[in-house]
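how would this look folded up:
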Amino acid sequence: MTDKIYDMLIIGGGPGGMAAAIYGARSRMATLLIEKGKTGGQAATTEEIENYPGFARGTTGPGLMNSFAEHAKTFGAEFARGEIEKIDMENKIVYTKSGETYRGKTIVLAPGAVARPLNVPGEFALRGKGVSYCATCDADFFEDLDVIVVGGGDSAVEEAIYLTKFANKVTIVHRRNELRAVKAIQERAFSNPKLDFIWDSVVEEIKGDGLVESVVIKNVNTNEVSEVEANGIFVYVGTLPQTEFLKDSGLELDGRGYIVTNEQMETNIPGVYGVGDARVKYLRQVVTAAADGAIAAFAAEKYLATLE
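Coordinates of the predicted model:
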């Protein structure tokens, strides 16, 4: 265990965690952010972010997240690499799977969320062989090929538009008869000649011998089943919170595993806060995650004052 006791330990390096690091370090709190991989979370895998305030012409996810990290470091926030094994909430001690131990006076939980799988036959066998959850990561593998995107929300449609820069044709498969994405994104999608749509349908199976070759699709109204040839499939049907390590910690989670907080980001445990996509909330966006982080750091600073 390190001898240093931090004012604030932050678990997770997405926009929520890094915003907390910026606000905490700027307030002269000894701040350590622990991230198991590259900082940035899901935002770092998004090619284009066009709704973050101040960027009228848009910005890239990786670029924006790098700026967040540099901003935090400028104020003195420390960063460490490690995957969390468990947390002693009462004593504010964090244990990593590699054997490192960190102690703090407050903890900000920003573990984020990952793409929800379809859980259909062929999906896991062909993951990385045509099945993907990140267009920014894998789009260039599908140059001049035909791909399917599953989902109808902002992420699905934005990534489908991005894929048209590489693929021959991109087909969006959506279980409803209209998209859920905001109107501005829909307008771009409907005006893109390389985008096609299959409505009222779900994916039943992904087929291929070593690589994706086709996708079995069922119409939810007629139950008609068809098979569509495709070289790849990108899945955007929601997220799963990365909160498994919190299950037996005494922290309150909802039925889906999301962290329950109040408007001050306070959990049911004093001095412990939840922010970002892993928190129960109405809107999961970079700007709302950053706001969560700022609020949590401010609340943590007020909590520390009560300990003096």
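
what's the strand ranked longest in the chain packed up against?
Looking across the chain with DSSP state E, the single longest strand is strand 101-109. Contacts defined by 3 or more CB pairs under 8 Å, 6 or more residues apart in numbering; DSSP states H and E place strand 101-109 against strand 5-11, helix 15-26, strand 31-35, strand 93-96, strand 272-274, helix 286-307. C-beta here means a position set from N, CA and C on the backbone, and glycine is covered the same way.

if you count neighbours, what's buried in it?
Neighbour counts using 16 or more other CB atoms under 10 Å place 102-109 of strand 101-109 among the buried residues.

ok so, going back, for residue 188, find the nearest of the helices and strands packed on strand 101-109.
Nearest to residue 188 among the helices and strands packed on strand 101-109 is helix 286-307 (19.0 Å), distances taken as CB to CB.

so what does that closest one touch, helix or strand wise?
For helix 286-307, the packing partners by 3+ CB pairs under 8 Å, 6+ apart come out as strand 5-11, helix 15-26, helix 61-74, strand 101-109, strand 272-274.

mind doing that once more with 6 Å?
Helices and strands touching helix 286-307, as assessed by 3 or more CB pairs under 6 Å, 6 or more residues apart in numbering; DSSP states H and E, comprise helix 15-26, strand 101-109.

among the ones you listed, which comes closest to residue 177?
For residue 177, the closest of those is helix 15-26, at 33.0 Å, according to CB to CB.

run through who's touching the following helix or strand past the longest strand of the chain.
Toward the C-terminus, strand 101-109 is succeeded by strand 113-115 as the next helix or strand (DSSP states H and E). Surrounding strand 113-115, the residues in contact under the criterion CB atoms under 6 Å, 6 or more residues apart in numbering are 133, 239-241, 277-278.

ditto for stretch 294-308
The set of residues external to stretch 294-308 that reach it, using CB under 6 Å, 6+ apart, is 7-8, 19-20, 23-24, 27, 105-106, 108, 264-265, 271, 273, 275.

for the stretch 51-200 of the chain, what spans make up the helices?
Under the criterion DSSP state H, counting those that start in this stretch, the stretch 51-200 of the chain contains helices at 61-74, 135-138, 154-163, 183-190.

check which residues of the second one are buried.
This means helix 135-138. Buried residues in helix 135-138 (16+ other CB under 10 Å): 135-136, 138.

for that helix, the distance to its chain's centre please.
With CA atoms, centre = their mean, to the nearest Å as the basis, helix 135-138 stands 14 Å off its chain's centre.

ok, the nearest residue to residue 139 once chain neighbours are set aside - contacts?
For residue 139, ignoring the flanking residues on the chain, the nearest one in space by CB to CB, 6 or more residues apart in numbering is residue 166 at 4.7 Å. Counting by CB under 6 Å, 6+ apart, residue 166 touches 139-140, 142-143.

any quick PyMOL command for the buried ones out of those?
Restricted to buried positions by 16+ other CB under 10 Å, the PyMOL selection for the contacts of residue 166 reads:
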select buried, resi 139+142
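
identify the residues contacting the nearest residue in space to residue 151 that is not next to it in sequence.
What sits nearest to residue 151 in space, not counting adjacent residues and going by CB to CB, 6+ apart, is residue 236, at 3.6 Å. Contacts for residue 236 were tallied using CB under 6 Å, 6+ apart; they are 151, 155-156.

any idea which of the residues you listed is closest to residue 39?
Closest approach between the contacts of residue 236 and residue 39, by CB to CB: residue 155, at 19.7 Å.

tally of neighbours for the closest residue to residue 144 other than its chain neighbours?
Once flanking residues are discounted, residue 144 sits nearest to residue 168: 4.9 Å by CB to CB, 6+ apart. Other residues within reach of residue 168, judged by other CB atoms under 10 Å, total 13.

could I get the helices and strands packed on helix 286-307 as TSV with distance to residue 221?
Conversion of the helices and strands packed on helix 286-307 to TSV gives the following (distance: least, CB to CB, whole Å):
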stretch	distance to residue 221
helix 15-26	39
strand 101-109	41
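
dump the ones you listed into a markdown table; add distance to residue 50 and mean pLDDT as well.
Output for these, formatted as a markdown table (distance: least, CB to CB, whole Å; pLDDT from 0 to 100):
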| stretch | distance to residue 50 | mean pLDDT |
| --- | --- | --- |
| helix 15-26 | 15 | 98 |
| strand 101-109 | 28 | 98 |
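
just send the helices and strands packed on strand 101-109 back as TSV, with distance to residue 212 too.
Shown next, in TSV, are the helices and strands packed on strand 101-109 (distance: least, CB to CB, whole Å):
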stretch	distance to residue 212
strand 5-11	35
helix 15-26	32
strand 31-35	31
strand 93-96	36
strand 272-274	37
helix 286-307	30
